[in-house]
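Participant: Could you look at this predicted model? Sequence included:
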Amino acid sequence: MNAHVTAATRRLMELATAYWGSAALIASVSLRLWNALAEGPIETADLAPRCGCSSEHLEDLLQALEAMGVVQLTELGWEIAPEYRFLLDPSSETYLVPALALNADLYPLWGRLASCIQSGQPVVNPAAHLGADPDRTRRFVLAMHSRATVFAPVFMSALPLEGVQSLLDVGAGPGTFTRWLAERHPTLRVTQFDLPDVIRVAEELTSTSPAAERIQFVPGDYRRAESFGGPFDMILFCGALHQEDPDGASQLWRKFAQALTPKGRLAVIDLMRGHPAGGAMPALFSLQMRLTSPRGRVYSMSQVSAMLTSSGWAVEQARPLEILPYSLIIARPPNRRDSLN
């Protein structure tokens with residue numbers, strides 16, 4: 001067998017079994033393994049009863065996680081690998097396990113992908129994590145908070161905030177990003193807009209923030225809202241564009257333009273195709289959106305720029321960010337360019 005055939009066979013088998021690693025990681029979250037490991041090295045025999053597991057089977061899981069590099073075995077027992085402790089230790093400010101737990105909800109849906117592709121319809125109620133199921137909505141928002149805590153320094157540091165005193169965060173989710181901004185910019189006033197059940201969780205998360213007095217919460221459906229008030233110096237639309245089809249995005253661009261000051265800017269941050277380090281992730285995430293949303297999909301930077309330009313916006317920046325395949329687009333609203341001169 002020649003080298004090409006060998007490499008192709010190996011790669012195809014890796015693709016066919018890639019879900020094995022995901023399943024092992026999801027199982028570790030469901031078993032609350034990371035809470036126990038965070039307390040220090042522990043032997044399998046002591047760990048098994050704490051996780052309600054068969055010791056023999058847990059040993060296999062731990063060895064699989066070791067092979068993937070997220071745990072290590074020392075003379076004193078199993079522990080979180082040092083390079084992952086900041087993400088897997090519950091005491092860490094960047095604890096990512098709640099976000100990983102969301103994949104436990106999503107994982108079974110992927111087994112129905114062929115049905116989704118055939119029917120052209122999502123395989124679950126699209127509103128389940130956005131208010132229809134309160135428990136799932138809360139898990140979803142807290143999972144987004146977990147992810148946003150890790151991403152906030154990269155995402156928010158990329159925004160051009162000079163002269164920005166008021167910021168509207170549309171589709172704010174847990175509000176983590178703009179809360180992070182408000183805590184670091186003492187003159188910035190933030191308005192967070194999202195669905196009522198989502199906003200309730202954002203209010204809880206903000207209650208202890210030193211910037212709480214400068215953060216306003218507006219419950220509503222951004223698709224149905226006739227306007228967003230304002231005017232604002234900046235609108236942030238972060239991690240929500242992948243919920244929209246082109247017509248929905250076009251309607252949003254129009255409403256965003258009405259809510260900005262003459263020198264205002266729109267900042268769009270999302271997972272986009274065409275990122276140099278993106279690999280297959282954007283395309284696979286687009287499939288996940290098809291599984292869960294009747295409108296959702298992932299766009300490329302050039303597609304988003306073209307949508308804005310066709311609606312009269314002037315794109316100032318379109319660049320990849322330095323974390324996963326996320327990108328940033330900054331645009332000026334239509335019919336306001338003269339006022340900047």
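Facilitator: Structure received.
Participant: residues near Leu195, how many?
Facilitator: By other Cβ atoms under 10 Å, the residues close to Leu195 number 19. (Glycine included, C-beta is placed from N, CA and C.)
Participant: Isn't it up against Asp221?
Facilitator: Yes: using Cβ atoms under 8 Å, Leu195 is in contact with Asp221, at 6.2 Å.
Participant: now the stretch 51-200 of the chain, which segments are flagged as low pLDDT?
Facilitator: By pLDDT under 70, the weakly predicted segments of the stretch 51-200 of the chain are 128-132.
Participant: Grab the longest strand from this structure for me.
Facilitator: In the chain, with assignment by DSSP state E, the single longest strand is strand 260-271.
Participant: What residues of that one count as buried?
Facilitator: Of all the residues in strand 260-271, those buried under the rule 16 or more other Cβ atoms under 10 Å are 260-261, 264-271.
Participant: Against which helices or strands is it packed?
Facilitator: If contacts are counted by 3 or more Cβ pairs under 8 Å, 6 or more residues apart in numbering; DSSP states H and E, strand 260-271 sits against strand 232-238, helix 281-292, helix 301-310, strand 326-332.
Participant: and the direction of it versus that of helix 281-292, what angle?
Facilitator: Counting by axes from the mean of the first three to the mean of the last three Cα atoms, to 10 degrees, strand 260-271 lies at 100 degrees to helix 281-292.
Participant: Give the pairing partners of strand 260-271; include direction for each.
Facilitator: Take DSSP bridges as the rule and strand 260-271 pairs in its sheet with strand 232-238 (parallel), strand 326-332 (antiparallel).
Participant: any idea of the mean pLDDT in that strand?
Facilitator: Averaging pLDDT along strand 260-271 gives 96.
Participant: now do stretch 287-294
Facilitator: For stretch 287-294, mean pLDDT rounds to 95.
Participant: which residues in the stretch 151-300 of the chain form strands?
Facilitator: Assigned by DSSP state E, counting those that start in this stretch, the stretch 151-300 of the chain shows strands spanning 166-170, 189-194, 215-219, 232-238, 260-271.
Participant: of all those strands, which lies closest to Ala36?
Facilitator: Taking Cβ to Cβ, strand 260-271 is the member of the strands of the stretch 151-300 of the chain nearest to Ala36, at 32.4 Å.
Participant: Keeping just the C-alphas, turn that closest one into PDB.
Facilitator: C-alpha atoms of strand 260-271 as PDB (Å, rounded to 0.1, in the frame of the first residue of the first chain):
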ATOM      1  CA  LEU A 260     -26.500  55.000  15.900                       C
ATOM      2  CA  THR A 261     -25.100  58.600  16.300                       C
ATOM      3  CA  PRO A 262     -23.800  60.200  13.100                       C
ATOM      4  CA  LYS A 263     -20.300  59.100  14.100                       C
ATOM      5  CA  GLY A 264     -21.400  55.700  15.400                       C
ATOM      6  CA  ARG A 265     -20.000  52.300  14.500                       C
ATOM      7  CA  LEU A 266     -21.400  48.800  14.300                       C
ATOM      8  CA  ALA A 267     -19.100  46.000  15.500                       C
ATOM      9  CA  VAL A 268     -20.000  42.500  14.300                       C
ATOM     10  CA  ILE A 269     -18.100  39.600  15.900                       C
ATOM     11  CA  ASP A 270     -18.800  36.000  15.000                       C
ATOM     12  CA  LEU A 271     -17.400  32.700  14.000                       C
END
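Participant: re earlier: identify the farthest-apart pair in the buried residues of strand 260-271.
Facilitator: The most widely separated members of the buried residues of strand 260-271 are Thr261 and Leu271, with 28.7 Å between them, by Cβ to Cβ.
Participant: how far away is the closest residue to Leu109 other than its chain neighbours from Gly111?
Facilitator: Once flanking residues are discounted, Leu109 sits nearest to Leu291: 4.7 Å by Cβ to Cβ, 6 or more residues apart in numbering. Look at Leu291 and Gly111: by Cβ to Cβ, to the nearest Å, they are 10 Å apart.
Participant: Please consider this matter closed, and thank you.
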